[in-house]
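Asker: Fold the following.
(one chain, ligands or ions: 1)
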Amino acid sequence: MSKILACTQCGYIGKTETAIKGNMGVEIVLWLLFIIPGLIYSVWRSSSRYQVCPKCKNQNMIPLDSPKAQKMVKEELPQEEIDKINKKQEEGKKEEIKIRKRVMIGLGIFLAFALLIVILSKLAY
Ligand SMILES: [Zn+2]
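Answerer: This is a model prediction of the structure:
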């Protein structure tokens with residue numbers, strides 16, 4: 001998921017791009033030759049995701065709530081832009097809580113269902 005970060009190099013503030021290390025071709029070849037190295041390589045690649053600046057590809061993106069980014073924001077952005085970004089972050093957090101609630105409800109239903117099956121199977125014998 002892309003986050004709103006600040007670029008220490010070009011002063012870009014906004015959403016980042018997610019880049020990934022390694023090479024898709026190597027991944028496919030490894031998968032074709034041997035399953036296990038392919039699997040390990042895939043796991044390594046997916047764990048190596050990192051955030052880059054969409055403008056200059058700088059990897060040193062810093063979170064917007066860090067003191068350095070706050071300083072950059074104040075110097076370079078008008079207040080209404082800052083408000084917009086803060087609002088976006090706030091909405092993102094709300095969305096995250098919503099998703100978490102949904103997962104918890106799903107898990108609850110699943111557990112209730114599993115319990116029901118266990119109870120029913122005990123009753124059957
Ligand atoms: Zn940049």
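Asker: Not counting sequence-adjacent ones, nearest residue to residue 68?
Answerer: residue 62 (5.9 Å; Cβ to Cβ, 6 or more residues apart in numbering). Every C-beta, even on glycine, is put in place using the N, C-alpha and C of the backbone.
Asker: who's in contact with the one you found?
Answerer: 5-6, 8, 68-69 (Cβ atoms under 8 Å, 6 or more residues apart in numbering).
Asker: In the protein, what residue spans correspond to strands?
Answerer: 4-7, 13-15, 17-19, 50-52, 61-63 (DSSP state E).
Asker: any chance of those strands in TSV, plus distance to residue 99 and mean pLDDT?
Answerer: TSV is the format used below for these (distance: least, Cβ to Cβ, whole Å; pLDDT from 0 to 100):
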stretch	distance to residue 99	mean pLDDT
strand 4-7	18	86
strand 13-15	18	85
strand 17-19	18	80
strand 50-52	20	81
strand 61-63	21	81
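Asker: Highest mean neighbour count out of the ones you listed?
Answerer: strand 4-7 (a mean of 23; mean count of other Cβ atoms under 10 Å).
Asker: do it and the ion meet?
Answerer: Yes - Strand 4-7 reaches the ion (Cβ under 5 Å from the ion) through residue 7.
Asker: quick one: strands adjacent to that strand?
Answerer: Using DSSP bridges, the strands paired with strand 4-7 are strand 13-15 (antiparallel), strand 61-63 (antiparallel).
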